[in-house]
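**Student:** Sequence below, structure please.
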Amino acid sequence: MNQDAHLRFVFLTGVSKFSKVSIFSGVNNLNDITRDARYSAIRRHTEADLDTVLALELEGLDREEIRRRYNGYGRLGERVDNPFDVLQLLLGRLFCT
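**Tutor:** Numbers count the residues shown, from 1 in each chain. Next up is the predicted model:
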């Protein structure tokens, strides 16, 4: 049963670009937001996220060192942290080299 009529907003992620041809049967009018400044922080941790949402998880860790090591993205808008490295830090409580 085709459910395309019920889709309003779909967020596709991945490491390679999708062709805009026939991903789903009736959905091939996709907007690539990769280089849109309005969405620059949608897929990563922002400074505000680390200071609020993840604050308890980061207790005892040097916040400036986290910023120095992992805050490397921000070409289009708000600066964001490398999500993989931050999650590894939260899991192991050790800085990645």
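**Student:** ok, which stretches of the chain are helices?
**Tutor:** Applying DSSP state H to the chain gives helices spanning 47-51, 63-70, 83-92.
**Student:** can you put those in a markdown table and add mean pLDDT?
**Tutor:** Formatted as a markdown table, the helices of the chain follow (pLDDT from 0 to 100):
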| stretch | mean pLDDT |
| --- | --- |
| helix 47-51 | 86 |
| helix 63-70 | 87 |
| helix 83-92 | 87 |
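**Student:** and of those, who's closest to residue 6?
**Tutor:** Residue 6 sits nearest to helix 83-92 of all the helices of the chain, at 29.8 Å, using C-beta to C-beta. Bear in mind the C-beta positions are built from the backbone N, C-alpha and C, glycine included.
**Student:** Who are the packing partners of that closest one?
**Tutor:** In terms of contacts (3 or more C-beta pairs under 8 Å, 6 or more residues apart in numbering; DSSP states H and E), helix 83-92 is packed against helix 63-70.
**Student:** what's the closest of the helices of the chain to residue 36?
**Tutor:** Of all those, it is helix 83-92 that lies closest to residue 36, at 18.7 Å by C-beta to C-beta.
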